[in-house]
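J.: when you get a sec, could you give me coordinates for this:
(2 chains)
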Amino acid sequence: MVRFILSRLATAIPTLLIVSITVFALIRLIPGDPATLMLGDLAQPGQVEALRHQMGLDQPVIVQYLIWLGNVVSGDFGQSISTHQAVLPLILERFSVSATIVLLAVFLASLIAVPAGMFAAWRQDRFGDIAVIATSTLLLSIPSFWLGLMMLMVFGLWLGWLPVVGYVPFGRDFTGALLYTIMPVATLVMVESGSIARMARASTIEVARLDYITHARAKGLSEPAVMWRHAFKNAFAPTWTLIGLILGSLLANIAVIETVFTIPGLGRLLVDGIYARDYPVVQGCMLFVAFIYVVVNLAVDLVYPLLDPRVTT
Amino acid sequence: MIARALKLPRLRFNGLVGGIVVAMLLFIAIAGPWLAPYDPLKLDLMSRLKGPSPAHLLGADEFGRDVLSRLMYGARTSAWIAFSTVAFAIFFGVIVGVLAGFLRGWTDRILMTFNDALLAFPGLLLALGFMAVFGASRNGIIIALGLAYLPVVVRVVRGAVLSIREREFVEASRVMGNSEIITMARHVLPNCVAPITVLATTMFGWIILSESALSFLGLGVPPPAPSWGNMLATARPYISQSPHLIILPGLCISITLLGVNMLGDAIRDRLDPKMQS
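T.: Residues are numbered from 1 along each chain as shown, chains lettered A, B, ... in the order given. This next block holds a predicted model:
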């Protein structure tokens, strides 16, 4: 077990290194000199040179990368060009907002979609199955930002049940926070349920064809016992991987939801950073989101053997 | 349910409905300039934010531009971007995937290490990063989304090449004295067409969705050129006065995606019996 964990951790390190190189290279490809951008148009020529030297921009690119990597590893993501705040605390603050919404949404979506998918598999090709498939195909086809706008219009503006824009942290005002998060979370739950239900259904059907399920039925076990105790255990593993992927990629995709509901989250920070050409913020956000994505998938992989005994540790 | 009533097998139903929707999208995309009642950029401040009327069948937007015409040109934008992006990603993905799968060894290892590292980014994140580099423009999106989805294509193509190159008929071609390149072109590549077609259809949907999301964020098709995503973004401030500006573009995206997904399901089940649902 320990060897399995260590070997998985070891494979994540080169991935993270190349991720960091990609992010670094990408930001360097952005047209415009960072020092000139930081000082604005009114800078004296001497000032720009001095800042370039201070930032290490006059060094060879590889040296620049290593300096940057060293800083990042020690937790220094640099300073925002527009607000002069340190980037890492800014990212962590915004991340807590996005993570709350994403975790809630993925948890609830799994809670609804996994049983729905299994139910569909159990009723394969009958009415219940077709209803689940049709619903999930429909949900898969609705863009989250449009669904969000429609909910905002119906529940916020027409019915006036929920607040339209803004966000309060859960720590400060629990009920208020709950009211603000209902619509964004509900939107994401609906959109993500589609793919999770389809995955749960497909993997349950695959497992249900196996001999040991026939054996369990032949033993005279009741249908629910066969499904829950025997099929579910093995069918959940692939769905678990998908849930991990969704969890990680939602941190990037949530930018559109944060735009719809004006939530100060990580996705919005990245997009605003791109508008403002605030390259330390863009670089920090991209690196952070990619890092979380790798870590989440790693964690999912590490749990996998517990769910699927066929994958040996 | 409807499929049942019509006594059609579900897959035939999926393929039929999906095919009709996609064909309609393509028709509007191509014939848009002749079908559209107005110039999509023509301002008419008198009918600003007006709902549907005989003059403007689907209403007018915040500058009085005709919504129906803008939606038609939006279809053109989405279809063009999706086609170009899929073509871009498939073209380069096949080259890299075939190189990796066929040469194996160090080439494969180096290419795949980089490829897997790019797969370690969520697709939209990578696209956002590329948009920061290229700036919001039509060609920028094509390259950004193409590069963002390239690693997936490379993975699939390499996997297909690796599994096919070990089959007997490939071995037979080598034994017959055909060169590696001819074996590759005549026997391996044609057998990769099925998985690539399945992937291309799925990608078509992803790209329409990603493009509209990027345009909604203001990092896609730059206004005033109409795209469904940027129509939603610019209509947001008028959500309470003119709901039609929000409802219609979103409906267009959803119907298109539904059609593409249904067609994709049908194609996948036809070409890839292993993944049959």
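J.: can you tell me the element the residue with the largest distance to the centre of chain A falls in?
T.: The centre of chain A is farthest from one residue, A:Gly46, which by C-alpha atoms, centre = their mean lies 43.5 Å away. Using DSSP states H and E, the element containing A:Gly46 is helix A:45-54.
J.: my read: A:Met286 touches A:Ile30, true?
T.: No. Counting by C-beta atoms under 8 Å, A:Met286 stays clear of A:Ile30, with 11.7 Å between them. Quick note: C-beta positions are derived from backbone N, CA and C, even for glycine.
J.: looking at those two now, which is surrounded by more residues?
T.: Set side by side, A:Met286 and A:Ile30 show more neighbours around A:Met286, with 27 against 19, by other C-beta atoms under 10 Å in any protein chain shown.
J.: can you name the helix or strand that that one falls in?
T.: Using DSSP H and E, A:Met286 falls in helix A:279-307.
J.: what about A:Met151, how many neighbours?
T.: Neighbour tally, A:Met151, other C-beta under 10 Å: 19.
J.: show me what the helix or strand containing it is packed up against.
T.: For A:Met151, the host element (DSSP H and E) is helix A:144-151. For helix A:144-151, the helices and strands in contact under the criterion 3 or more C-beta pairs under 8 Å, 6 or more residues apart in numbering or on different chains; DSSP states H and E are helix A:174-208, helix A:232-260, helix B:228-235, helix B:244-271.
J.: hmm, who's touching the lowest-mean-pLDDT helix or strand in chain A?
T.: Taking mean pLDDT, DSSP states H and E as the measure, the helix or strand of chain A with the lowest value is helix A:34-39, at a mean of 71. Residues outside helix A:34-39 that contact it (C-beta atoms under 8 Å, 6 or more residues apart in numbering or on different chains): A:43, A:47-48, A:51-52, A:55, A:57, A:81, A:277, A:279.
J.: how far out from the middle of the chain is it?
T.: 32 Å (C-alpha atoms, centre = their mean, to the nearest Å).
J.: which parts of that helix are buried?
T.: Across helix A:34-39, burial judged by 16 or more other C-beta atoms under 10 Å in any protein chain shown covers A:34-35, A:37-39.
J.: and for stretch A:103-119?
T.: In stretch A:103-119, residues buried by neighbour count (16+ other C-beta under 10 Å) are A:104-106, A:108-110, A:112-114, A:116-119.
J.: of these, just say which sits nearest to chain B.
T.: A:Gly117 (10.8 Å; C-beta to the nearest C-beta).
J.: element containing the closest one?
T.: Using DSSP H and E, A:Gly117 falls within helix A:87-122.
J.: please enumerate the helices of the stretch 51-200 of chain B.
T.: Secondary structure of the stretch 51-200 of chain B, counting by DSSP state H, counting those that start in this stretch: helices at B:67-103, B:105-119, B:123-134, B:138-164, B:168-175, B:180-183, B:189-216.
J.: buried set for stretch B:84-99?
T.: B:84-86, B:88-90, B:93-94, B:96-99.
J.: got it, and stretch B:168-182?
T.: Buried residues in stretch B:168-182, counted by 16+ other C-beta under 10 Å: B:170, B:173, B:178.
J.: check the residues you listed one by one and keep those near chain A.
T.: Among these, proximity to chain A is found for none (C-beta under 8 Å from any C-beta of the partner chain).
J.: now render those residues as TSV, adding distance to B:Leu248 and pLDDT.
T.: Listed next are the buried residues of stretch B:168-182 as TSV, based on distance: C-beta to C-beta, whole Å; pLDDT from 0 to 100:
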residue	distance to B:Leu248	pLDDT
B:Val170	52	82
B:Ser173	54	83
B:Asn178	56	81
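J.: not counting its neighbours along the chain, what's nearest B:Pro226?
T.: B:Arg70 (4.0 Å; C-beta to C-beta, 6 or more residues apart in numbering or on different chains).
J.: mind checking pLDDT for that neighbour?
T.: Predicted confidence (pLDDT) for B:Arg70: 91.
J.: what of B:Pro9?
T.: So B:Pro9 comes in at 63 (pLDDT).
J.: so how far is the first residue of stretch A:69-82 from its last?
T.: 22 Å (C-alpha to C-alpha, to the nearest Å).
J.: list the contacts of that stretch.
T.: The contact list for stretch A:69-82 (C-beta under 8 Å, 6+ apart) reads A:20, A:24, A:37-38, A:85-88, A:90-91, A:273, A:276-281, A:283-284, A:287-288.
J.: change it to 10 Å
T.: Contact with stretch A:69-82 is made by A:17, A:20-21, A:23-24, A:34, A:37-40, A:55-56, A:68, A:85-92, A:269, A:272-273, A:275-281, A:283-285, A:287-288, A:291, as judged by C-beta atoms under 10 Å, 6 or more residues apart in numbering or on different chains.
J.: and A:Ser82, that's in a helix?
T.: No. Using DSSP: H, G, I helix; E, B strand; the rest coil, the secondary structure at A:Ser82 is coil, not a helix.
J.: and it, what are its phi and psi?
T.: Dihedral angles of A:Ser82 (phi, psi; degrees, to the nearest 10) stand at phi -80, psi -40.
J.: gap between it and A:Gly273?
T.: Distance, A:Ser82 to A:Gly273, by C-beta to C-beta, to the nearest Å: 9 Å.
J.: so for those two, which sits in the more crowded spot?
T.: Neighbours were tallied for A:Ser82 and for A:Gly273 using other C-beta under 10 Å; the higher tally belongs to A:Gly273 (25 against 15).
J.: so that one touches A:Pro280, yeah?
T.: Yes. A:Gly273 lies in contact with A:Pro280 (C-beta atoms under 10 Å); the separation is 8.3 Å.
J.: low-confidence stretches in the chain?
T.: If you meant another chain, say so; for now it's chain A. Along chain A, the model assigns pLDDT under 70 to residues A:40-43, A:309-313.
J.: actually, chain B is the one I wanted.
T.: Where chain B drops to pLDDT under 70, the residues are B:1-11, B:272-277.
J.: again, only using 90
T.: In the predicted model of chain B, residues B:1-17, B:29-69, B:97-140, B:155-199, B:201-202, B:218-225, B:235-245, B:264-277 satisfy pLDDT under 90.
J.: pretty sure A:Asp48 is touching A:Asp33, no?
T.: One thing to correct before we go on: residue A:48 is Val, not Asp. Yes. Using C-beta under 10 Å, A:Val48 makes contact with A:Asp33 at a distance of 7.6 Å.
J.: shared neighbours, those two?
T.: Both A:Val48 and A:Asp33 are contacted by A:39, A:57, under the criterion C-beta under 10 Å, 6+ apart.
J.: which ones are touching the residue nearest the centre of chain B?
T.: Centroid check for chain B by C-alpha atoms, centre = their mean gives B:Phe204 as the closest residue, at 2.3 Å. The contact partners of B:Phe204, taken as C-beta under 10 Å, 6+ apart, are B:22, B:79, B:82-83, B:85-86, B:256-257, B:260-261, B:263-264.
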